[in-house]
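Novice: sequence unknown, structure follows:
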């Protein structure tokens with residue numbers, strides 16, 4: 001019962017927030033379950049650099 005009420009409140013709050021932020025939106029990507037605040041997905045290059053640094057520090061082969 002409480003779970004259903006909280007879920008409905010969350011949906012109302014989300015919709016209100018999306019409506020409020022619509023006029024302020026720039027390059028953000030807003031999808032169900034994900035928010036991206038930078039227009040380019042850099043996770044591949046970040047992970048490559050991370051792995052290089054682990055190797056350099058001797059923490060990974």
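Specialist: Sure, I can see it. Bear in mind the structure is a predicted one, so any value in this text is a computation, not a measurement.
Novice: tell me which residue is most central in the chain.
Specialist: Nearest to the centroid of the C-alpha atoms of the chain, with distances taken as Cα atoms, centre = their mean, sits residue 35, at 3.6 Å.
Novice: which neighbouring elements make contact with the helix or strand where that residue lies?
Specialist: Following DSSP states H and E, the helix or strand that holds residue 35 is strand 34-36. Using 3 or more Cβ pairs under 8 Å, 6 or more residues apart in numbering; DSSP states H and E as the contact criterion, no secondary-structure element is in contact with strand 34-36. No exception for glycine: its C-beta is placed from N, CA and C like everyone else's.
Novice: strand partners (parallel or antiparallel) of that strand?
Specialist: Sheet partners assigned to strand 34-36 using DSSP bridges are listed as strand 29-31 (antiparallel).
Novice: coming back round to it: list the contacts for the residue nearest to the centre of the chain?
Specialist: With contacts taken as Cβ atoms under 8 Å, 6 or more residues apart in numbering, residue 35 has the following neighbours: 28, 29.
Novice: what pairs with it across the strands?
Specialist: With DSSP bridges as the criterion, the beta-bridge partners of residue 35 are residue 30.
Novice: how near is residue 58 to residue 47?
Specialist: In this view, residue 58 and residue 47 are 19 Å apart by Cβ to Cβ, to the nearest Å.
Novice: my bad, residue 61
Specialist: 16 Å.
Novice: which one's more surrounded, the two?
Specialist: Relative neighbour count places residue 47 above the other of residue 61 and residue 47, with 10 against 5, counting by other Cβ atoms under 10 Å.
Novice: which SSE is that one in?
Specialist: Secondary structure assignment for residue 47, by DSSP H and E: helix 43-56.
Novice: show me how far that helix is from its chain's centre.
Specialist: Centre-to-centre, helix 43-56 and its host chain are 20 Å apart (Cα atoms, centre = their mean, to the nearest Å).
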